[in-house]
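> next one to model:
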Amino acid sequence: MRLVLSTMIASNTIGQTVRHNRIGGDARDRIAGARWVSRRLNTRIEQDRLIVGNGTQSLLGLIFYEVLGANSVLLTEALTYPVLKPLAQRFGISVEPVRIDELGLIPSDLENAIGRTCAKAIFCNPTIQNPTTAVMPEDRRAILVSIARRHNVVIIEDDVLGALHGLSPRPLAAIGPDVVWYIQSLSKCVALGLRVAYLVAPDAVQRDRLVASAANHSFWFPSGLAAEAATTLIESGEIQRVAGAIRTESEVRRQIAVSILGKHGIRSQAGGLHIWLPVEKFGTALSFTAAADRIGVKVRPAEMFAASPADERLPIPAAVRVALTSPNTHQELVAGLDHLARLLGNDTHPVPATSQLD
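Alright, predicted model coming up:
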């Protein structure tokens, strides 16, 4: 990153480069972005299908506004990206949960939900799902694409950790490009502060329609500096080194977590930046979260990710998401995980199931 930024600063054209808005990215940004996502999709993506935005949330907002519209229904995993529901509600969209298992969305439940709600779209995170770390196998992905085609429903695929996980299984967008809006952010595989994400539309016509619908609203445009940095990273090949270093470090941290918490049934995946930790002995994830907070460890309870309140059909599991990248050093990570291990192994002072977050 230092090398790329130094090169940009030394350029005689940097002032002119960042002078104008880049509505959906300029041609150079789109060519570079298409080159980058093509690696993950393992197929050539033309730049006329690609949009460059200032992050996943802004791109989701564009899709919600133009593709779904107010008073429509969006289906998602029962545990999902916490920002999804409030963001959708801003656009007048209702979010309905679909049951999941250890592999992700359950196809039969998805099909039933489409019939029940007349949903227009499905949002899912099939590779290292947030928060459960589930990786959906390719045969199930093919079934989901088939369901979407049969019911004329679009899929919004969030592949934020796909670049760290590897080429297999293929993204939904590689299986059913005609029904998938594919989003890949650089927040996890390069840098959170870069604020650049790529959206691949099903075709160029839909891409142009989406951009035209919000071309006068700059809230979603990538900043000139961020777009230039991302494009330079891709063009120079440096992005592969950065992503490779993050992948290596994430695996070191994952193995540390497995060595300390493995006996407690954690779920984790190669390329993942978090683990999913069952905490049934505490009654609820909220109880464990409160207990962890009292000893200085921050975790996120399953309730934070629930697309709807718990009921008999969709109970919220007693489990928490533990971020492995927040600690600055391995020593800090080990200390925090050791605290959690002792908390799970302590039977002398159980936390009441009615405890809440402070």
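> only C-alpha atoms for contact and neighbour calcs from this point on.
OK.
> for the stretch 251-358 of the chain, which segments count as helices?
285-294, 330-345 (DSSP state H, counting those that start in this stretch).
> can you pull out the low-pLDDT segments for this structure?
Residue ranges of the chain with pLDDT under 70: 1, 3-4, 8-9, 12-13, 347-358.
> one more time with 50
348-358 (pLDDT under 50).
> circling back to that earlier point, figure out which of the helices of the stretch 251-358 of the chain is closest to Glu251.
Nearest to Glu251, of all the helices of the stretch 251-358 of the chain, is helix 330-345, at 12.1 Å by C-alpha to C-alpha.
> buried ones in the closest one?
Buried positions in helix 330-345, judged by neighbour count with 16 or more other C-alpha atoms under 10 Å: 333-334, 336-337, 339-341, 343-344.
> let's have those residues in TSV, adding distance to Ile31.
Output for the buried residues of helix 330-345, formatted as TSV (distance: C-alpha to C-alpha, whole Å):
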residue	distance to Ile31
Leu333	39
Val334	42
Gly336	43
Leu337	42
His339	47
Leu340	46
Ala341	47
Leu343	50
Leu344	50
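> so which of the helices of the stretch 251-358 of the chain comes closest to Arg267?
Nearest to Arg267 among these is helix 330-345 (14.4 Å), distances taken as C-alpha to C-alpha.
> mind checking how far the closest one is from the chain centre?
Helix 330-345 sits 26 Å away from the centroid of its parent chain (C-alpha atoms, centre = their mean, to the nearest Å).
> give me the helices and strands touching it, please.
Here helix 330-345 touches helix 238-261, helix 285-294, going by 3 or more C-alpha pairs under 8 Å, 6 or more residues apart in numbering; DSSP states H and E.
> any chance of those in a markdown table, with distance to Arg321 and mean neighbour count too?
As requested, the helices and strands packed on helix 330-345 are exported to a markdown table (distance: least, C-alpha to C-alpha, whole Å; neighbours: other C-alpha atoms under 10 Å):
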| stretch | distance to Arg321 | mean neighbour count |
| --- | --- | --- |
| helix 238-261 | 12 | 17 |
| helix 285-294 | 10 | 22 |
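> redo the ones you listed as CSV? Include distance to Thr325.
Output for these, formatted as CSV (distance: least, C-alpha to C-alpha, whole Å):
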stretch, distance to Thr325
helix 238-261, 8
helix 285-294, 17
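> between the ones you listed, which gets nearest to Leu192?
Closest among these, using C-alpha to C-alpha: helix 238-261, at 12.1 Å.
> buried residues in stretch 161-170?
Result for stretch 161-170 [16+ other C-alpha under 10 Å]: buried residues 161-165, 169-170.
> residue contacts, the closest residue in space to Ile256 that isn't next to it in sequence?
Leaving out its chain neighbours, the residue that sits closest to Ile256 by C-alpha to C-alpha, 6 or more residues apart in numbering is Val334, at 7.2 Å. Taking C-alpha atoms under 8 Å, 6 or more residues apart in numbering, we find Val334 in contact with 256-257, 260.
> equivalent analysis for Arg19, please.
Contacts of Arg19 (C-alpha under 8 Å, 6+ apart): Gly224.
> same check, this time on Gly92
69-72.
> with Asp203 instead?
48-49, 178.
> those strands in this structure, which residues are they?
For the chain, applying DSSP state E gives strands covering 50-53, 73-77, 94-98, 100-101, 104-105, 121-124, 154-158, 180-185, 197-200, 274-278, 300-301, 319-323.
> same list (the ones you listed) but as TSV, adding distance to Ser11.
Formatted as TSV, the strands of the chain follow (distance: least, C-alpha to C-alpha, whole Å):
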stretch	distance to Ser11
strand 50-53	23
strand 73-77	45
strand 94-98	47
strand 100-101	50
strand 104-105	46
strand 121-124	41
strand 154-158	34
strand 180-185	26
strand 197-200	24
strand 274-278	38
strand 300-301	43
strand 319-323	38
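> output those as JSON lines; include the columns mean neighbour count and distance to Asp293.
Output for those, formatted as JSON lines (neighbours: other C-alpha atoms under 10 Å; distance: least, C-alpha to C-alpha, whole Å):
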{"stretch": "strand 50-53", "mean neighbour count": "28", "distance to Asp293": "35"}
{"stretch": "strand 73-77", "mean neighbour count": "25", "distance to Asp293": "27"}
{"stretch": "strand 94-98", "mean neighbour count": "22", "distance to Asp293": "29"}
{"stretch": "strand 100-101", "mean neighbour count": "16", "distance to Asp293": "28"}
{"stretch": "strand 104-105", "mean neighbour count": "26", "distance to Asp293": "29"}
{"stretch": "strand 121-124", "mean neighbour count": "23", "distance to Asp293": "30"}
{"stretch": "strand 154-158", "mean neighbour count": "24", "distance to Asp293": "30"}
{"stretch": "strand 180-185", "mean neighbour count": "26", "distance to Asp293": "30"}
{"stretch": "strand 197-200", "mean neighbour count": "26", "distance to Asp293": "33"}
{"stretch": "strand 274-278", "mean neighbour count": "23", "distance to Asp293": "15"}
{"stretch": "strand 300-301", "mean neighbour count": "22", "distance to Asp293": "10"}
{"stretch": "strand 319-323", "mean neighbour count": "23", "distance to Asp293": "12"}
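> which among those is found nearest to Ala215?
It is, among the strands of the chain and with distance given as C-alpha to C-alpha, strand 50-53, at 11.8 Å.
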